[in-house]
Every structure is written in C-alpha cells, then in structure tokens.
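J.: how would this look folded up:
(chains A and B)
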Amino acid sequence: MQATEREILRQFVIENFLFGRENGLRDSDSFLENGIIDSTGVLELVGFLERRFGIAVADDELVQENLDSIENLTRFLAQKERHAA
Amino acid sequence: MRIDSFLERSAALFPEKVALVCGERRLTYRQLDDQANRLAHGLIAAGIRRWDRVAIYLDNSPEAVVSIFAALKARGIFLVINPTTKADKVAFILNNCRAKALITDQPRLNEAVPALPGAPHLETVWLSGAEQEPGGARRTLPLDACLNGPERPGRPAEENIGVDPAALIYTSGSTGRPKGVLMTHLNMWTAADSITTYLGNTADDVILSALPLSFDYGLYQVLMAFKAGARVVLQRSFRYPFAIVDQMLREAVTGLPLVPTMASILLQMDLSKYRFPALRYITNTAAALPTHHIERLRNVFPGAKIFSMYGLTECKRVAYLPPEQIGIRPKSVGKAIPNTEVYIVNEAGERVPPGVTGELVVRGSHIMKGYWEMPEETDRILKPGPFPGEKVLYTGDLFTMDEEGYLYFVGRKDDIIKTRGEKVSPKEVEDVLYSLDGVADAVVVGVPDEVLGEAIKAVVSLRPGAQLTAQDVLHHCAKRLEDFMVPKYVEFRESLPSTATGKISRRMVAKGETA
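T.: Numbering: from 1, shown residues only, chains lettered A, B, ... in the order given. Here you go, the predicted model:
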C-alpha cells in the first residue's frame, strides 16, 4: 500500500527533526509550541514539500497556519493540489 | 536611573498607548505598569527581598515582559532563562544564582520539574496559564490571577538606586559552564541611553523583535522601546518568516533588529512586491552581514538605515557603524558608541597603532560588575583601568583599527562558536557528548555556514563495539541542550588527534574543517 501524504510528512518530521524518535508526536502538535522545528528547519521542510510533492510554496504561504503541524501541513498540501488540479 | 522607571515614566506620559503587541494581544502602558505593580507586591508578599533573584522561564510574551519589571520594582534581580533550556541547565542556573522565585508556565515547568530538587533555594513557583500543581514541594502561585487582580496598588514604596544590581544575563563560558553577567541599573541605563541616542528612537517608533528575551539583544529591544515611550511588537520566533513581513506591514514597523541568520531567511523570500515606507532602521549584530546581504537589504528596504553593530553581553554594546558608512566600509563595525571609549592592546597590555591586530578593550559605565560569584573568571576579563578602582573590559575579541579609527573584527582569542548570533561554548556541547554511552572522544567545532554564520559540527570517536548513529547523537544533544547548541553535523572518526600531552586537540580538528 502506498504511504499517504500524512504518513510521508510524519516520517519526514520524525526523521529530520526528532532524530528518528516519535516521542509521542501527535498530528495536531504545534511545531512552534513544542520546539520541534527551528527557523532553518522550516526552510528545509519547505524544500522537502516542493521536491517531494512538486508544488511551489509562495512566500506569503510561509505562515504557521500552513506549516506548524502535521495536520496543518496535510491540509495545506491538499489545498495546493486542489488548486493545481 | 532605575530600569523600572522606563515603564513607569512612559505609563505616566502615555497611559493609553499600546506599548506591547504579542500575537493578538495588545497591552497599553497603563495595563503593563498595573500588572507589574501587582506582581511586584505579590513577589514581596511571597518573600522576595532586596537583591533576591527572580528567574523568568517563559517564551516571549507579555507575562515575561511584566515579570521583568515586577522583579525590578520588588528590588530584586531578574534573569531570563532561554525557553528552550533543558532541565540540567535550568538546575545549574537556578542553583548558581540561588533563585528564590521562578516564573514559568506548564510546558516549561514540565521540562524543569526534574531540576527543582537540585535548586534548594527556590521557594515559590509562579505559574502562568492552566493551574496545576508542579511535581515539587514548592509553593505554587497563580501568575495570571495576580497580574489581573482587581486592585491598582501603585509601585512598592521602596526603590533601588543606580548602583543596585538589576539583572543576571547568562552567557556561554569557554569552560562549558554558563556565567551570569551581573548588570546594575546604571550599567543597563547607560547602554540603553547610548543605543537609543544613536538610533534616534522616539515615542513614534514601532520595534519588531523576534529575539528571545534571554538574549541581551532581545531584552534591550523592550527596555529601549519603553525608555523612549515607543511600541514593541514581540514575535516568539523567526520560524515563519512571512508572519514577520506581514506584521511589519500591518503594524507599520519602524525598527527591525536582526542577526545575520534572520537577514538570510528574510532575503530568501521575494520581497520586491512589498513596500515598507515606515521602516526607518535595521540593526545587525552578533556577526557581520555578508556584503551581498547588505546590498539586497538596501534594495528591499530602500528607506531604512542599516546599522552594523558589535557588542558582548558583558557590556551590552561597544561599537556601531554610522549607516552612511556601510557602503564605504561594509566590513567595519564602526566606532565606539556614545559615552564609551575603546582601544586595542597587545599581549603586554600596550596600545597598538592603526593596522596592528590586538585585543579590544572597552571603558564605560555600562561594563558589568562581574560574573556572578565567579571571581577568577571575572578577573580575567575585567582588569584595572587608568584610574584607581576603575575596571575596563578585555573583550577576548581581536580587532584592528584603521587610520580613521574604524574597527574591524579579526577573530576570537578562544574557541567560542558564533551560531545564529549566539555564542556557544564547544566545551558545553562536548560535555553533553561525553555523557552519551559509547562515545570515546568528542570535539565540537564551528564550520562556515551561509545561513547560520557558523554551524556546529560534532566530531566523535566511539568505544570499541559501540553502535551509535548520527541520529542517536543528535537526539541525545537535543534532549539536553538549547536549540541553537544542537550540532548540525555529526562525523564519526576512528580516533581524534591529540596534543603531545594526550589532550584531544580542538584546534587540530578545526583546522581545515568543513561541513
């Protein structure tokens, strides 16, 4: 079975920002509140979204509502893909 | 010359003016001063006496700002702990200064709970947000209820004077132990007065700061704004850069303090479609801005003057480059700030002529009193000055001066790494690496990095049979160190080079080292 976008995002965050440990990460956990991703991490995350999902993230999309949890990311990605379709 | 008077004076002059914006919250000078007065009385009622230490362990927030002024009004000494600090270091700091009160919130308290038994002097914990009982036997008091009480009590009757200590600012030491820089009201007043003078701050300024209040650069944004009767817009981080741009536009921000990492992140966006007519100045410190960033900042913010500055926690600020010079001498950090004198000396302590490299020495009434209860470390950096009893600050930074008196940074005398604008002691990170089972030897060095200035690299050798991955090492570090101290790279080697005496040589590893 193919991994869902949510699973791919989750895996990326765990591999890259939690050093491979899940640490009870919930999909709704804010990266900011929980100190999961720092400012350069956000840029890495955006680079990953663009490469892996073939979307372009505009500057004015670099906000918490789009990027600050697995849930927000999944929603943002779905939105982007709807617009592209 | 009390720092708490910055808030009191502006509250008297501009009571209804919004002084602080943080997310959706907007607080006036009157509200902030009332809250600070209530908490000051609360602190005194809970046992805080003159010169007692009050630790503030919170994210950038109105509560953190109010707590600073409340501690001062109660004649205490405040210290702000970086909100990403982990339990062991929280314990070290609380214990080092024997803090009597801790002001925090539940997420951070959860982190700090293991530290509390190691801080026997701590009597009370003030908890913001949801009220739960912490895991220690400490008396817990509700912060929000105190701040928003029904009374308007005015400030406590007794006031400190200029020579009284006001703050402890913890900074990395080359020994690996953080040191508490003790600043008096006069020290901080002097620095704030000098900086607001050359920046030309007025009550019309709106300053946006995403720097943590535990970092002197972040702390002074609030102090200086309040001194000038201006407004400060606090951001909790620079993580979501468009949020910064958006708020600059919405709040008509006039002043933007940056470190090079922030400038680099801002400039990764295409800002050409925005106009920032209100932006009057940008400041940069901690490390020099790359020349191409200066150019691009000037294009994106054509109305803003760019101030390149240099300083260290031990006196806050030393030098700034007048903005009209930045095109002429982009690599210089300028000349001494108002009310400060600087000179460069050789190993023998003699002043050197222009063009010769030596250690920068600073004179002024902003120089710290010393490192908290670390007399030997203090004597290494504060040395006798030209007058009996005067101490001058030996910065540990190597500089040259040109014929016209402009200063150029050459390097550090020690191995301290500068990353994201913060100083990191390699020893502190190495100590954490050595505490990981399986690590035989570890050396931490800085490697050049476009965004971070220097990135932290850990070079590790393992004990025979040990199986550790880079992720294991990083995970171990992230659990124990502040965010900015966690290495970006890990490299494993069979063995590490050592000196003739068998000591692992950081310099030999660092030589020619890249990411």
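J.: what helix or strand is the residue nearest the centre of chain A on?
T.: Geometric centre of chain A, nearest residue: A:Leu73, 4.4 Å, by CA atoms, centre = their mean. Here A:Leu73 sits within helix A:70-84, counting by DSSP states H and E.
J.: Flag the shaky bits of chain A, pLDDT-wise.
T.: Residues of chain A meeting the criterion pLDDT under 70: A:1-2, A:85.
J.: Quick check: closest non-adjacent residue to the residue nearest to the centre of chain A.
T.: Nearest non-adjacent residue to A:Leu73, counting by CB to CB, 6 or more residues apart in numbering or on different chains: A:Leu9, 5.1 Å away. Backbone N, C-alpha and C define where each C-beta goes, glycine included.
J.: So the one you found: helix, strand or coil?
T.: Here A:Leu9 is recorded as helix under DSSP: H, G, I helix; E, B strand; the rest coil.
J.: pretty sure it contacts A:Thr74?
T.: Yes - taking CB atoms under 8 Å as the definition, A:Leu9 is a contact partner of A:Thr74 at 6.3 Å.
J.: Next, count neighbours for residue 83.
T.: Unless you meant another one, I'm taking chain A. Using other CB atoms under 10 Å in any protein chain shown, A:His83 has 8 other residues around it.
J.: could you do chain B instead?
T.: Neighbours of B:Pro83 using other CB under 10 Å come to 25.
J.: tell me the contacts of the residue nearest to it when sequence neighbours are not counted?
T.: Excluding its sequence neighbours, the residue lying closest to B:Pro83 (CB to CB, 6+ apart) is B:Asp59, at 4.5 Å. Taking CB atoms under 8 Å, 6 or more residues apart in numbering or on different chains, we find B:Asp59 in contact with B:83, B:105, B:236.
J.: which residues does the second one contact?
T.: The neighbours of B:Asp105, taking CB under 8 Å, 6+ apart as the test, are B:58-59, B:63, B:127-129.
J.: Could you name the helices and strands sitting against the strand or helix carrying B:Thr190?
T.: B:Thr190 is part of helix B:185-199, with elements assigned from DSSP H and E. Packed against helix B:185-199 by the contact rule (3 or more CB pairs under 8 Å, 6 or more residues apart in numbering or on different chains; DSSP states H and E) you find strand B:165-171, helix B:216-228.
J.: between the first one and helix B:185-199, what angle do the directions make?
T.: It refers to strand B:165-171. On the basis of axes from the mean of the first three to the mean of the last three CA atoms, to 10 degrees, strand B:165-171 is oriented at 70 degrees to helix B:185-199.
J.: contacts for strand B:165-171?
T.: Contacts with strand B:165-171, where a contact means CB under 8 Å, 6+ apart, come from B:2-3, B:51, B:53, B:72, B:77-81, B:93, B:97, B:160, B:178-185, B:187-188, B:214, B:216, B:219, B:313-314, B:369, B:372, B:423.
J.: Mean confidence (pLDDT) on it, please.
T.: Over the span of strand B:165-171, the pLDDT mean works out to 97.
J.: could I get it in PDB with only the CA atoms?
T.: Presented in PDB, the C-alpha positions along strand B:165-171 are these (Å, rounded to 0.1, in the frame of the first residue of the first chain):
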ATOM      1  CA  PRO B 165      22.100  45.100  40.600                       C
ATOM      2  CA  ALA B 166      19.200  44.700  38.200                       C
ATOM      3  CA  ALA B 167      19.800  41.700  36.000                       C
ATOM      4  CA  LEU B 168      21.800  38.500  35.500                       C
ATOM      5  CA  ILE B 169      22.300  37.600  31.900                       C
ATOM      6  CA  TYR B 170      23.700  34.100  31.400                       C
ATOM      7  CA  THR B 171      26.200  33.600  28.700                       C
END
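J.: pLDDT weak spots in the stretch 151-300 of chain B?
T.: For the stretch 151-300 of chain B, no range has pLDDT under 70.
J.: between A:Leu9 and A:Thr74, who's got more neighbours?
T.: Set A:Leu9 next to A:Thr74 and count neighbours by other CB under 10 Å: A:Leu9 wins out with 25 against 18.
J.: can you list the contacts of B:Asp59 in JSON lines and add distance to A:Thr40 and secondary structure?
T.: Shown next, in JSON lines, are the contacts of B:Asp59 (distance: CB to CB, whole Å; DSSP: H, G, I helix; E, B strand; the rest coil):
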{"residue": "B:Pro83", "distance to A:Thr40": "18", "secondary structure": "coil"}
{"residue": "B:Asp105", "distance to A:Thr40": "26", "secondary structure": "strand"}
{"residue": "B:Arg236", "distance to A:Thr40": "16", "secondary structure": "coil"}
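J.: from those residues, which is closest to chain A?
T.: Ranked by distance to chain A (CB to the nearest CB), these are led by B:Arg236 at 6.8 Å.
J.: Need the per-residue pLDDT for the residue lying closest to the closest one once chain neighbours are set aside.
T.: Nearest residue to B:Arg236, sequence neighbours excluded (CB to CB, 6+ apart): B:Asn60, at 4.9 Å. pLDDT recorded at B:Asn60 is 96.
J.: residues contacting B:Asn60?
T.: By CB under 8 Å, 6+ apart, the residues touching B:Asn60 are B:22, B:83, B:209-210, B:212-213, B:218, B:234-236.
J.: Could you list which of those belong to strands?
T.: Secondary structure from DSSP state E places B:22, B:209, B:234 of the contacts of B:Asn60 in strands.
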